[in-house]
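Chemist: show me the folded form of this:
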Amino acid sequence: MRFIQTYKSPNVIGLGDSVQYKGKNYLVLINYIKGETDVKGYTPKSNRTILIDDNDNRVICDDYKQLIIGEAA
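Modeler: Numbers count the residues shown, from 1 in each chain. Down below sits the predicted model:
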């Protein structure tokens, strides 16, 4: 039996995490958290995670609850 693990908070998503989104495998490239200002002074109005696949294609996930935690490669 295999358990599916999802994130409970955007604060625990780490850069480089292996995740599955819409049936495809990705790595977390950038994780923006609503209300937190990054180094460059950008403050997002909503949570979003930018993912990257093996072919360097980027995908934006607006709902971190849709990300399935994958196994480390």
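Chemist: when you work out contacts or count neighbours from here on, use the C-alpha atoms and nothing else.
Modeler: OK.
Chemist: could you find the closest non-adjacent residue to the residue most central in space within the chain?
Modeler: Nearest to the mean C-alpha position of the chain, counting by CA atoms, centre = their mean, stands Thr49 at 4.2 Å. Leaving aside its chain neighbours, Thr49 sits nearest to Asn31 (4.4 Å; criterion: CA to CA, 6 or more residues apart in numbering).
Chemist: which regions of the protein sit below the pLDDT cut-off?
Modeler: For the chain, applying pLDDT under 70 flags the ranges 1, 71-73.
Chemist: need the longest strand for it.
Modeler: For the chain, the longest strand by residue count, based on DSSP state E, is strand 24-32.
Chemist: packing partners for that one?
Modeler: strand 18-21, strand 48-52 (3 or more CA pairs under 8 Å, 6 or more residues apart in numbering; DSSP states H and E).
Chemist: let me have those strands in TSV, extended by distance to Thr6.
Modeler: As requested, the helices and strands packed on strand 24-32 are exported to TSV (distance: least, CA to CA, whole Å):
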stretch	distance to Thr6
strand 18-21	9
strand 48-52	14
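Chemist: tell me which residues touch the residue nearest to the centre of the chain, please.
Modeler: Neighbouring residues of Thr49 by CA atoms under 8 Å, 6 or more residues apart in numbering: Val28, Leu29, Ile30, Asn31, Tyr32, Ile60, Cys61, Asp62, Tyr64.
Chemist: same thing but at 7 Å, please
Modeler: Residues counted as contacts of Thr49 (CA atoms under 7 Å, 6 or more residues apart in numbering) are Ile30, Asn31, Tyr32, Ile60, Cys61, Asp62.
Chemist: show me the contacts for the second one.
Modeler: Under the criterion of CA under 7 Å, 6+ apart, the neighbours of Asn31 are Arg48, Thr49, Ile50.
Chemist: the last one too?
Modeler: Under the criterion of CA under 7 Å, 6+ apart, the contact partners of Asp62 comprise Asn47, Arg48, Thr49.
Chemist: closest one to Lys24 out of those, please.
Modeler: When the contacts of Asp62 are ranked by distance to Lys24 (CA to CA), Thr49 comes first, at 14.9 Å.
Chemist: thanks a lot, catch you later.
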